[in-house]
Structures are given as structure tokens and as C-alpha cells.
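J.: Here is a sequence with its predicted model. Questions after.
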Amino acid sequence: MSFAIILGSQCVKWLAGRWTEHRIFGFGLLMAFIATAAILLIVLIHGPLISLFISIFLFAASIGIIGPISFTLAMESQGHIAGSASAVLGTLQFSLGAVTSPLVGISGENSAVAFGITIFATSLLSIISYFLLIQKAKNIRLQEDLNYD
């Protein structure tokens, strides 16, 4: 799976000059959502192992896309408090990992349903958060532009 993450980060490098950061990030989120929806479906219908492996590989590749871009987008306006902002981001990642880890194993070691539900839910929450925060930022920028005119 580390190969998938490396592949995803190389995809970011290739797309960097061609697409905006927000478009790359949206692509990564969409890819993660589709991959996690496929994982959930495969787990629920007890699909073939190869299809689960391919879906998890694509999800890992999306993590390689989302990771660097999300950190860049989060830090771009925090230059004056970059150290504190970085600490908050790291703490948030580890906290969410601590919360979701027990959820993944809640159905025991013989079922992957909790795993599928957990990563699908976190993927869905990330998309919702992205659109809510981006829409809020767009509204703030629009208000600032109107105030300057």
C-alpha cells in the first residue's frame, strides 16, 4: 500500500502545474469517496478479494493525493503562526485516528463491515467538511471584495 501512497503523491507532482490546488484536492476527495464506497459495497456483498484489494489500493493512492495538498492548503494562510497550525493539524490527525481505530474493529476480526462503514463515513465527512469550509471561505472573500469596492 505504500506504493499506492507514493503513486498518489507523484500524481500530485504531475498535476501541480496543470490544475489548481483546490481541483487536485477535490479530485483526491472524489477518488477517496468512490474507493471507499466500493470498499463498503464489496464488504457488504462479500465480494471477491481482488476487488477489495484494488479498492483499498485506490483509497491509499487518494491518501497520497489528499495528504500533501490538504497540508499545503491548510498552511498557506497561516505563515505567522505556522508552527502552532502544524501542531494543531498533527494533533487532529492523531486524535481522529484514536477515535476511529476502535470503530474499525468493533465487529470483530471475522468481519470487515465496520472497516467499510468507518472509512466510508470518514470519506463522506471529509467531502462535506470541504464543501462547507470552501463555501464559507468563498462567502468571506466575496464579502471582503464587496467591502473594498
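T.: Now that the structure is in, tell me what you want to look at.

J.: I would like the residues contacting stretch 1-12, please.
T.: 24, 28, 56-69 (Cβ atoms under 8 Å, 6 or more residues apart in numbering). To be clear about C-beta, it is placed using only N, CA and C from the backbone, and glycine gets the same treatment.

J.: and with 10 Å instead?
T.: 19, 21, 24-25, 27-28, 31-32, 53, 56-69, 72 (Cβ atoms under 10 Å, 6 or more residues apart in numbering).

J.: Which of these are buried, as a PyMOL select command?
T.: The buried residues among the contacts of stretch 1-12 can be selected in PyMOL (16 or more other Cβ atoms under 10 Å) with this line:
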select buried, resi 21+24+25+27+28+31+32+56+57+58+59+60+61+62+63+64+65+66+67+68+69
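
J.: Give me the subset of the contacts of stretch 1-12 that lies in strands.
T.: Assigned to strands by DSSP state E, none of the contacts of stretch 1-12 qualify.

J.: Which ones among the contacts of stretch 1-12 map onto helices?
T.: 21, 24-25, 27-28, 31-32, 53, 56-69, 72 (DSSP state H).

J.: need the longest helix for the protein.
T.: The chain, longest helix under DSSP H: helix 113-148.

J.: Right, I'll leave it there.
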